[in-house]
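K.L.:
no sequence on this one, just coordinates:
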């Protein structure tokens, strides 16, 4: 077979990242997340262009999963990525995530799941630290609740969505 000089694999990854971008644009729109939709977004915390609080980087040195569901603030989606403020243990934290750092996107309300290959310009992951492999992702609250509740984030286990 001839060498793929067109790089269809790269084109497909870029197109699928566009799906994530469009979903986030809809989530950040005036109506917020429609129906029961919510997103689990896993990203490489040391990916090029990622900007997260040092305390989160220390806790999640390789990958982190956020859940956009009930409360989020300042969601800004660009061609390159997204920025959002989420609460972790009741403390607002700013996150900037390029789409190239996203490794998984899942909307469990409809069973939609995407998994992305690491970009070639991404730093190679270090040897997995045991605590990083066993760490449970944080659930970040999404879209301001109308109940006036301002509770902190809850830790949720997403092991059922991980490949073993």
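P.N.:
Done, it's in. Owing to the predicted nature of the structure, the values given are computational and were not obtained by experimental measurement.
K.L.:
How much space separates the residue nearest to the spatial centre of the chain from residue 88?
P.N.:
When C-alpha atoms, centre = their mean is applied to the chain, the residue found nearest the centroid is residue 41 (2.6 Å). Distance, residue 41 to residue 88, using C-beta to C-beta, to the nearest Å: 15 Å. The way it works is simple: take the backbone N, C-alpha and C, and place the C-beta from them, glycine included.
K.L.:
One more: residue 116?
P.N.:
Applying C-beta to C-beta to residue 116 and residue 88 gives a distance of 24 Å.
K.L.:
what packs against the longest helix seen in the chain?
P.N.:
Using DSSP state H, we find that the single longest helix of the chain is helix 8-27. Packing contacts for helix 8-27, counted by 3 or more C-beta pairs under 8 Å, 6 or more residues apart in numbering; DSSP states H and E, involve strand 39-44, strand 73-77, strand 102-107, strand 112-115.
K.L.:
Report the buried residues of the second one.
P.N.:
Residues of strand 73-77 classed as buried under the neighbour-count rule (16 or more other C-beta atoms under 10 Å) are 75, 77.
K.L.:
Also the last one?
P.N.:
Residues residue 114 are the ones in strand 112-115 that count as buried (16+ other C-beta under 10 Å).
K.L.:
Which residues does it contact?
P.N.:
Strand 112-115 is contacted by residues 16, 19, 20, 103, 104, 105, 106, 107, 161 when judged by C-beta atoms under 8 Å, 6 or more residues apart in numbering.
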